[in-house]
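Asker: Fold the following and give me the result.
(one chain, ligands or ions: 1)
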Amino acid sequence: MSVVFEAVNCSTNRNGLVYNPAAVKTGGYGVFRIEYWPDDVDIGISWSTSSTVAEVSTHYRDPGADYAVVRGRHTGDFTLTATLSNMLGVPEQPHIRAKVLPLTRTPLHFYVMRDNGVPIADPLTISNMVVGVNHIFAQAAMEFYVADIYNMDVNSSSDWLSHNTHDSVVKMFSFTNVVDGLEIYLTQTLPNDVDGYGVRIMGSYINRDNLGIAVDITKNNLDEALAHEIGHSCGLNDIYVGTSVEMWKPPTILTMRPDNWTGDTTINYLPYDICHSNVVIRQLMNGVHVIGQRDLPFAGIYGSETRSGNLFLLLSVGLDSMSRNPHH
Ligand SMILES: [Zn+2]
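Answerer: Residues are numbered from 1 along each chain as shown. Below you'll find the predicted structure:
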């Protein structure tokens with residue numbers, strides 16, 4: 001009999017919401033999933049929360065999985081426990097820590113390049129991207145909305161459409177300067193040294209903390225790309241697999257941190273064949289884009305600061321170290 005209950009979990013339900021979220025909004029719902037094998041046994045699950053901050057409103061079952069729908073009632077911390085009463089020996093009680101937080105709503109101001117007079121993204125593309133971003137940030141009780149969309153009236157000779165350097169991106173970011181929310185520039189290329197999907201440039205270039213976010217709309221999974229860059233605007237770090245040998249060992253309560261752990265110190269409820277690198281690549285803040293990297297954990301996780309780094313460091317990729325009010 002094996003049981004999997006992962007606090008760090010980027011798999012989603014059919015609506016795109018991430019299972020086992022770090023937070024649920026006040027008055028809203030989060031879905032938590034426990035899996036087991038063989039899938040035809042009754043493991044006798046009952047769900048409970050540690051406080052009146054949140055309540056289990058219902059649960060349902062698929063072959064091999066049981067789901068608890070948890071409603072956030074008041075702001076605060078809670079622990080969701082699955083008591084498995086039909087296991088051999090002492091009943092096991094895997095658990096997940098989470099928060100109930102008031103919803104934040106942040107405006108996004110979009111600036112869309114034109115290519116020979118034609119905007120390179122239409123409003124539907126932008127709206128779909130933001131829906132996807134909101135599914136990811138539901139894990140932090142955050143929402144974003146399209147405040148406005150400007151088509152940037154530049155001609156094709158402008159270097160705004162052919163960014164070779166960070167300086168050209170900074171020039172594009174200087175197009176405007178909003179007072180609330182975030183500026184998102186949709187373009188078709190990024191500087192040569194940026195091989196990702198998006199870029200956010202820090203104020204070391206100019207005297208501003210956050211110059212804006214640029215997203216290359218020729219890539220796939222734009223919601224994940226934009227959500228990753230917004231994660232930086234919330235103060236989160238990149239995390240990479242790097243070259244440390246620790247990456248190829250199983251995760252431990254230390255490398256995952258206790259708040260991201262689902263059992264006691266001697267047992268975990270992770271897949272039996274998982275290694276720490278599998279945990280890193282699930283992170284929204286994974287610096288090398290992998291499709292499906294959508295998890296915002298409760299707390300930090302160990303990883304490398306750079307793509308080729310060999311140090312194994314605790315990095316700020318979780319809810320406990322983010323600002324939920326990103327602004328330009
Ligand atoms: Zn990044």
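Asker: contacts and neighbour counts: CA atoms only from here.
Answerer: OK.
Asker: for the stretch 201-328 of the chain, what spans make up the helices?
Answerer: 222-233, 253-256, 276-280 (DSSP state H, counting those that start in this stretch).
Asker: Dump these to CSV, plus mean neighbour count and distance to residue 303.
Answerer: Putting those into CSV (neighbours: other C-alpha atoms under 10 Å; distance: least, C-alpha to C-alpha, whole Å) gives the following:
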stretch, mean neighbour count, distance to residue 303
helix 222-233, 24, 16
helix 253-256, 18, 8
helix 276-280, 21, 7
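Asker: I'd like the ones you listed as TSV, with mean pLDDT and distance to the ion appended.
Answerer: Converted to TSV, those look like this (pLDDT from 0 to 100; distance: least, C-alpha to the ion, whole Å):
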stretch	mean pLDDT	distance to the ion
helix 222-233	92	6
helix 253-256	95	20
helix 276-280	97	13
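Asker: Quick check: the gap between the residue of the stretch 101-250 of the chain found nearest the ion and residue 50.
Answerer: Closest to the ion within the stretch 101-250 of the chain is residue 238: 4.8 Å, counting by C-alpha to the ion. Here residue 238 is placed at a distance of 32 Å from residue 50 (C-alpha to C-alpha, to the nearest Å).
Asker: Which of these two has more residues huddled nearby?
Answerer: The residue with more neighbours, out of residue 238 and residue 50, is residue 238; 22 against 13, by other C-alpha atoms under 10 Å.
Asker: can you count the residues close to residue 167?
Answerer: 13.
Asker: In a helix, it, correct?
Answerer: Yes - per DSSP: H, G, I helix; E, B strand; the rest coil, residue 167 lies within a helix segment.
Asker: per-residue confidence at it?
Answerer: pLDDT recorded at residue 167 is 70.
Asker: Equivalent analysis for residue 64, please.
Answerer: For residue 64, the model assigns a pLDDT of 94.
Asker: So it sits against residue 35, correct?
Answerer: Yes - using C-alpha atoms under 8 Å, residue 64 is in contact with residue 35, at 5.5 Å.
Asker: Now do the same contact list for residue 1.
Answerer: Shown in contact with residue 1 (C-alpha atoms under 8 Å, 6 or more residues apart in numbering): 36, 37, 38.
Asker: Please list only the buried members of these.
Answerer: Among the contacts of residue 1, the ones that count as buried by 16 or more other C-alpha atoms under 10 Å are residue 36.
Asker: ok so, going back, could you dump the helices of the stretch 201-328 of the chain to JSON lines with distance to residue 323?
Answerer: JSON lines is the format used below for those (distance: least, C-alpha to C-alpha, whole Å):
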{"stretch": "helix 222-233", "distance to residue 323": "8"}
{"stretch": "helix 253-256", "distance to residue 323": "21"}
{"stretch": "helix 276-280", "distance to residue 323": "21"}
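Asker: For residue 92, find the nearest of those helices.
Answerer: helix 253-256 (17.4 Å; C-alpha to C-alpha).
Asker: mind listing what residue 275 touches?
Answerer: 247, 248, 249, 250, 251.
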